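okay, predicted coordinates and the sequence, questions at the end:
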Number of protein chains: 2
Amino acid sequence: MVRAGLTTDRVVEAAADMADDVGFENVTLSAMARRFGVKDASLYSHVKNLKDLRERVALLAADEWAARIAAALAGRAGKDALIAFAGAYRTFAVDHPGRYAATFMQLDPAVLAGSTAHRRILELTSSLLLAYGLAEPDLTDAVRLLRSTFHGYASLEAIGAFGHPRDIEASWERALHALHFTLENWASSDPSRAARG
Amino acid sequence: MVRAGLTTDRVVEAAADMADDVGFENVTLSAMARRFGVKDASLYSHVKNLKDLRERVALLAADEWAARIAAALAGRAGKDALIAFAGAYRTFAVDHPGRYAATFMQLDPAVLAGSTAHRRILELTSSLLLAYGLAEPDLTDAVRLLRSTFHGYASLEAIGAFGHPRDIEASWERALHALHFTLENWASSDPSRAARG
DNA sequence: CTACAATTCCTAGGCATATTAGGCAACTCA
DNA sequence: TGAGTTGCCTAATATGCCTAGGAATTGTAG
């Protein structure tokens, strides 16, 4: 009996690759077993169950994603940083749809709390916005707006919700200009302050 | 043998309700069968298969959703309309998470092309933006920005991605003000035009 | 090097779900 | 009331998740 040489890491990475291929929700333990030439049951020595595997993929994906974003942001500030951040964000989602989807699976609060990567992405977003001169609670509001926009765009693009494929890139850039403008004029868009000013 | 009185419509509506309860991806034919007190196989007289059922739920949800948005928009214009639109959008997502998720399942292009509701939502968005004086290609760009932001916010909220539950409402309103501001100043956020003007 | 321990993988089996084929019973309507 | 349609059934197959318990392989300590 020749062993397949399975490892938790190896299984998780293969699962992430398969997610990119066939969609995160279609990753299956039996398929993973086939890929490694072992029986289903053998995988349970390496992951607890399907949910555990998914969580691990989510954490792996978040790690890789955060690294990409951090790299893109290095040494940039202001609009440059915003464009770089957005580019890294969307490129990851396009290149790795399965990993991207994994990143947004509903995680146990405990697992999520232990994830450096998820926290890091939040921090990177915050630091990006600090450059726009935002402070709490505007900061949280703006972080949410950015995440929503990016996530919404990436998700809609992924499911093919946008009609003309040619325009997608242009619309994205236009959205980024709009976001930059919004962030630069954050205070003026707040009626409670603009009324006074 | 007393008949259960199944109908395609009845099955689809029950599936939509179940989606709201347990999540769209957890809707199962066997569970539906149990709910109606029939055997699994009996459902195949009313829907082709699971995929078919899901598509039908998606179309039903889109219908209901479009109706809500249309009702909210009636007689409003400008920022009022934006707020109403956004409110109806998000309320639907919060009240009917399963139906909402269904609306964003990946549909066969043919099915999607035949869906009045999906088209109607697009039209409603467009008409909303026409009031801001936008024309193509700005219109398409802005429609995509709006959809992305709304969808992103609703999705992230649904999976509990936002930390403090108390602030979610406030952040949402702040996002809407920001969007309104962006739309009102759409041209100025475009570098290719702002440079000239 | 060898014996014990831990680890990897297997067989066997149970349960849930999706789906097809073919049949009988219950409705419908001429 | 009788023919045809439809609604629901039984039976059977396939796939997937998961557990229990056993055998082979590898690691380790004497």
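Sure, I can see it.

so which helix or strand of chain A has the lowest pLDDT on average?
helix A:191-194 (a mean of 76; mean pLDDT, DSSP states H and E).

do that helix and chain B meet?
Yes: with C-beta under 8 Å from any C-beta of the partner chain as the measure, helix A:191-194 is seen reaching chain B through A:Pro191. Where C-beta positions appear, they are placed from N, C-alpha and C, glycine not excepted.

going on from the biggest helix by length in chain A, what's the next piece of helix or strand?
For chain A, the longest helix by residue count, based on DSSP state H, is helix A:50-73. Using DSSP states H and E, the next helix or strand after helix A:50-73 towards the C-terminus is helix A:78-95.

now that next one: buried residues?
The neighbour-count check on helix A:78-95 (16 or more other C-beta atoms under 10 Å in any protein chain shown) flags A:79, A:81-90, A:92-93 as buried.

now, which of those residues sits nearest B:Glu13?
Nearest to B:Glu13 out of these is A:Ala93 (C-beta to C-beta; 33.9 Å).

shouldn't the closest one be in contact with A:Gly87?
No: counting by C-beta atoms under 8 Å, A:Ala93 stays clear of A:Gly87, with 10.9 Å between them.

ok and the residue in chain A nearest chain B?
Residue nearest to chain B within chain A (C-beta to the nearest C-beta): A:Gly152, separated by 2.7 Å.

contacts only, for that residue.
A:Gly152 makes contacts with B:147-153, B:155, as judged by C-beta atoms under 8 Å, 6 or more residues apart in numbering or on different chains.

just the strands in chain A please.
For chain A, applying DSSP state E gives no strands.

so where's it shaky on pLDDT?
A:1, A:194-197 (pLDDT under 70).

swap in 80 and give it another go.
Scanning chain A for pLDDT under 80 picks out A:1-2, A:165-166, A:193-197.

what does it put close to DNA strand C?
A:1, A:3-7, A:37-42, A:45-46 (C-beta under 7 Å from any atom of the strand).

which non-adjacent residue is nearest A:Ala101?
Spatial nearest neighbour of A:Ala101, excluding adjacent residues (C-beta to C-beta, 6 or more residues apart in numbering or on different chains): A:Phe24 at 3.9 Å.

against A:Ala58, how distant is A:Ser115?
A:Ser115 sits 8 Å away from A:Ala58 when distances are taken as C-beta to C-beta, to the nearest Å.

do A:Val11 as well
Between A:Val11 and A:Ala58 the distance is 14 Å, computed by C-beta to C-beta.

the more surrounded of those two?
For A:Val11 versus A:Ala58, neighbours defined as other C-beta atoms under 10 Å in any protein chain shown are more numerous around A:Ala58 (27 against 24).

grab the nearest non-local neighbour of A:Ala154.
Nearest residue to A:Ala154, sequence neighbours excluded (C-beta to C-beta, 6+ apart): A:Ala93, at 3.8 Å.

for the one you found, what are its contacts?
A:100, A:154, A:157-158.
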